[in-house]
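Asks: Next comes the sequence, and after it the predicted model I'd like to discuss.
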Amino acid sequence: MKFTLWMLMKMLAPFDPVIYIQSEELRTIENVRLYAPESDTPLMPLSEKILYVAESTRFFPGQSSRIICYHNSNYILLQTDDIYRVFNHILNYFDKMQSWYFSLGTMISGHCLLKELLNHFSEVLTRPLMVLDASQIVLASSENFGKGTIDARWDRMLDSGSFGIDMIEEYNRLHQMETQRKDAYLIPANPFPFPSFNRNIFLENEFVGFISLIIKGNSLEQDERDWYEIACESVFSWFDLYADTNELITKKTLFTELLEGNVSEKQRMEDALNALGWKKEAAKRLYVFSCISSLLNMNQHITRILNQHAGTVYAITFDNLILVLLNEDNQSHEYLSYTFTPLLKNSGYYGGSSNVFTDLTDLKDQFELAKIAMTNGQPIPGQIYACHDFVLPYVFSVLQKNMKLELFHPALLKLIELDDAHRADYYEVLYAFLKNNCNQTKTAHAIGMHRNSLIRKINFIQEYCDLDLEDYETRLHLMLSYEYRENNLS
């Protein structure tokens with residue numbers, strides 16, 4: 001274990017220590033060495049790994065004799081001249097903490113629980129510690145801070161594992177960008193009642209959570225920061241070895257590969273779902289959800305809650321969306337709507353659903369269906385739109401990828417040019433006429449035009465573009481061209 005002078009200050013409290021910092025104080029102290037007062041040898045080259053205990057006159061000749069603890073140009077001056085008492089006091093502390101640190105390593109390698117890991121730090125950190133996942137669900141917290149020790153919101157977290165959607169929304173609005181940081185950072189007392197010192201947890205460069213030290217009362221001292229860093233290192237090691245997030249990341253990668261059309265991952269994804277209790281070729285439906293406000297985005301939090309129903313749904317975040325795969329062999333679409341609509345509504349989410357399918361190689365196409373349903377629906381929190389209500393937008397999304405300009409009816413290009421040249425409205429008049437099944441009265445009423453004026457314009461369009469609007473295929477080609485263009489422009 002390695003120390004800093006700051007970490008040794010409280011241990012030296014019986015000697016009224018005063019610290020003097022002349023250069024950056026690094027956590028490199030591994031051992032302690034005594035400079036005996038009777039020694040006349042000059043100081044040997046000093047190692048940054050050693051804490052040197054000596055009479056102050058050894059470093060500062062001519063001063064009154066006190067004891068100094070010297071490290072890397074920095075030192076602690078003690079109000080005593082009993083060097084052996086100080087030295088033995090430090091040795092005992094080193095032995096004690098090395099034993100503590102050895103126990104810490106044994107706990108991590110011995111499959112300890114995360115809460116046991118945090119509790120091990122209660123001896124050196126007297127403030128609340130907690131570890132939250134990327135969705136801001138609390139995975140573990142210091143057990144020596146129970147109910148009534150902080151505030152009502154802390155008590156609620158102890159009961160539910162969450163600080164509540166309202167607080168998480170506000171946190172994401174204010175501090176969402178902090179999730180990308182690799183260094184420690186301070187979050188002020190908003191929206192939480194107290195400031196907190198935080199480090200993010202990453203696995204394979206994916207943000208999976210953070211460890212937070214709550215600063216209640218006095219400001220954070222340097223020794224507490226040093227101990228907090230050791231706590232963070234231990235939590236990072238625990239996640240590397242044991243966190244279920246490794247498995248989740250693997251499944252998310254497989255899911256993403258299938259969404260992008262890599263069907264070679266189908267079998268591995270089926271195996272992952274089978275491990276959750278899904279039968280092979282189970283009937284499935286895919287949902288895509290989006291938050292109405294990017295500032296209040298709680299994708300990770302919602303996904304975590306959904307995945308608590310592992311036998312029924314499997315949820316991931318993807319491109320700032322939530323994707324939910326429903327096992328319809330276990331529960332119906334109505335079940336998901338009834339169970340999760342309140343959560344989605346309260347959190348500001350709406351979405352779209354695909355058709356039912358069984359083969360995971362269809363996942364990419366079903367994703368497009370669900371996304372088109374969501375995109376074309378109104379952003380109303382809690383609303384889930386079915387893809388079968390938006391067939392034409394799907395058709396045109398396929399055409400957009402494959403249709404060449406030559407397939408677009410040339411008459412519409414002529415009308416667009418004519419309208420641009422003369423500030424006319426022939427393009428829109430024909431569109432309204434076709435949408436109203438070529439009914440002159442309905443069309444005139446729909447666009448607020450006199451029926452006779454409409455008839456003259458339609459006759460002009462037919463003559464100018466050489467169109468026969470009584471021909472079914474002509475009308476179909478025109479409508480497809482209109483819808484294709486309108487969907488591409490929207």
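Replies: Received it, and whenever you're ready, just let me know what you need. Residues are numbered from 1 along each chain as shown.
Asks: ok, now which ones touch the residue lying closest to Tyr426 once chain neighbours are set aside?
Replies: Closest residue to Tyr426 apart from its sequence neighbours, by CB to CB, 6 or more residues apart in numbering: Leu415 at 4.7 Å. Any C-beta I mention is one placed from the backbone N, CA and C, and that applies to glycine too. By CB atoms under 8 Å, 6 or more residues apart in numbering, the residues touching Leu415 are Tyr426, Tyr427, Leu430, Ile461, Cys465.
Asks: tell me the mean pLDDT for the host helix or strand of the fourth one?
Replies: Element membership for Ile461, per DSSP states H and E: helix 451-465. Regarding helix 451-465, the rounded mean pLDDT is 93.
Asks: cool, and stretch 468-482?
Replies: 89.
Asks: Check the offset of that stretch from the chain's centre.
Replies: On the basis of CA atoms, centre = their mean, to the nearest Å, stretch 468-482 sits 49 Å off its chain's mean C-alpha point.
Asks: Repeat that for stretch 75-95.
Replies: 47 Å.
Asks: Just the strands from the stretch 201-350 of the chain, written as ranges.
Replies: All strands of the stretch 201-350 of the chain, identified by DSSP state E, counting those that start in this stretch, fall at 206-214, 284-291, 313-318, 321-327, 349-357.
Asks: Any chance of TSV for the ones you listed, columns mean neighbour count and distance to Ser109?
Replies: Below are the strands of the stretch 201-350 of the chain laid out as TSV (neighbours: other CB atoms under 10 Å; distance: least, CB to CB, whole Å):
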stretch	mean neighbour count	distance to Ser109
strand 206-214	21	19
strand 284-291	24	40
strand 313-318	21	31
strand 321-327	24	36
strand 349-357	21	41
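Asks: Adding mean pLDDT, write those out as TSV.
Replies: TSV is the format used below for those (pLDDT from 0 to 100):
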stretch	mean pLDDT
strand 206-214	89
strand 284-291	94
strand 313-318	90
strand 321-327	94
strand 349-357	94
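Asks: quick revisit: in the helix holding Ile461, what counts as buried?
Replies: Leu454, Lys457, Ile458, Ile461, Gln462, Cys465 (16 or more other CB atoms under 10 Å).
Asks: now the fifth one, nearest residue through space, not along the chain?
Replies: Distance criterion CB to CB, 6+ apart; nearest residue to Gln462, sequence neighbours excluded, is Leu469 at 6.1 Å.
Asks: helix, strand or coil for that neighbour?
Replies: Assigned by DSSP: H, G, I helix; E, B strand; the rest coil, the conformation of Leu469 is coil.
Asks: Around it, count how many other residues there are.
Replies: 17 (other CB atoms under 10 Å).
Asks: From Ile455, how far off is it?
Replies: Here the criterion is CB to CB, to the nearest Å. By it, Leu469 lies 12 Å from Ile455.
Asks: Show me the helices in the stretch 101-250 of the chain, by range?
Replies: Taking DSSP state H, counting those that start in this stretch to define them, one finds helices in the stretch 101-250 of the chain at 114-119, 152-160, 165-175, 222-242, 245-259.
Asks: Using JSON lines, lay out the ones you listed together with distance to Leu273, mean neighbour count and mean pLDDT.
Replies: Formatted as JSON lines, the helices of the stretch 101-250 of the chain follow (distance: least, CB to CB, whole Å; neighbours: other CB atoms under 10 Å; pLDDT from 0 to 100):
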{"stretch": "helix 114-119", "distance to Leu273": "27", "mean neighbour count": "18", "mean pLDDT": "91"}
{"stretch": "helix 152-160", "distance to Leu273": "28", "mean neighbour count": "15", "mean pLDDT": "82"}
{"stretch": "helix 165-175", "distance to Leu273": "28", "mean neighbour count": "17", "mean pLDDT": "79"}
{"stretch": "helix 222-242", "distance to Leu273": "23", "mean neighbour count": "18", "mean pLDDT": "92"}
{"stretch": "helix 245-259", "distance to Leu273": "8", "mean neighbour count": "18", "mean pLDDT": "70"}
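Asks: for those, which one sits closest to Tyr101?
Replies: Of all the helices of the stretch 101-250 of the chain, helix 222-242 sits nearest to Tyr101, with 8.2 Å by CB to CB.
Asks: Just give me how far that closest one sits from the chain centre.
Replies: 21 Å.
Asks: ok, now stretch 54-66?
Replies: Distance of stretch 54-66 from its chain centroid, counting by CA atoms, centre = their mean, is 55 Å.
Asks: Dump that stretch to PDB, restricted to CA.
Replies: Output in PDB follows, covering the C-alpha atoms of stretch 54-66 (Å, rounded to 0.1, in the frame of the first residue of the first chain):
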ATOM      1  CA  ALA A  54      14.500  12.500  11.800                       C
ATOM      2  CA  GLU A  55      15.300  15.400  14.100                       C
ATOM      3  CA  SER A  56      14.400  18.600  12.300                       C
ATOM      4  CA  THR A  57      18.000  19.800  12.600                       C
ATOM      5  CA  ARG A  58      19.100  17.100  10.200                       C
ATOM      6  CA  PHE A  59      17.200  19.000   7.400                       C
ATOM      7  CA  PHE A  60      17.200  22.500   8.900                       C
ATOM      8  CA  PRO A  61      20.400  23.100  10.900                       C
ATOM      9  CA  GLY A  62      20.200  25.800  13.600                       C
ATOM     10  CA  GLN A  63      16.400  25.300  14.300                       C
ATOM     11  CA  SER A  64      15.100  24.000  17.600                       C
ATOM     12  CA  SER A  65      15.100  20.200  17.800                       C
ATOM     13  CA  ARG A  66      11.700  18.800  16.800                       C
END
